[in-house]
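**Q** Would you be able to build a 3D model of this:
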Amino acid sequence: MTPDDAPSLNPTLAPHTTPAPEHRPAEQGPAPADLPPAPAVPAPSRDALSSTEVEALMGGADASMTEANMALDTAEGIDPDTES
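**A** Below you'll find the predicted structure:
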């Protein structure tokens, strides 16, 4: 590339002339003197799903739907064993 082939530059643009300050990693400061009390943790709920409810949410044991979904994944080029 010759100087005549060089692209024209905006004369108002200039490179940074001041060097960047030396990197200084942040350090942990002192702990606050007056921490507010931690919020109360609610007791765990004893409501649980039955196995029937879990099965219904997970799609049940309908093999035809599983096969149909796998066929669609394969048709779309998705490997059903590695992608979701």
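
**Q** Which strand or helix spans Ala68?
**A** Using DSSP states H and E, Ala68 maps to helix 63-75.

**Q** Now that helix: buried residues?
**A** The neighbour-count check on helix 63-75 (16 or more other C-beta atoms under 10 Å) flags nothing as buried. Where C-beta positions appear, they are placed from N, C-alpha and C, glycine not excepted.

**Q** quick one: that helix to chain centroid distance?
**A** How far helix 63-75 lies from its chain's middle: 28 Å, per C-alpha atoms, centre = their mean, to the nearest Å.

**Q** pLDDT of that helix, averaged?
**A** In this model, helix 63-75 carries a mean pLDDT of 83.

**Q** Helix or strand with the lowest mean pLDDT in the protein?
**A** helix 51-58 (a mean of 79; mean pLDDT, DSSP states H and E).

**Q** now the chain, which segments are flagged as low pLDDT?
**A** 1-4, 16, 59-62, 80, 83-84 (pLDDT under 70).

**Q** Repeat the analysis, applying 80 as the threshold.
**A** Scanning the chain for pLDDT under 80 picks out 1-21, 23-24, 42, 44-46, 55-66, 79-84.

**Q** in it, which spans are strands?
**A** Here the chain has no strands by DSSP state E.
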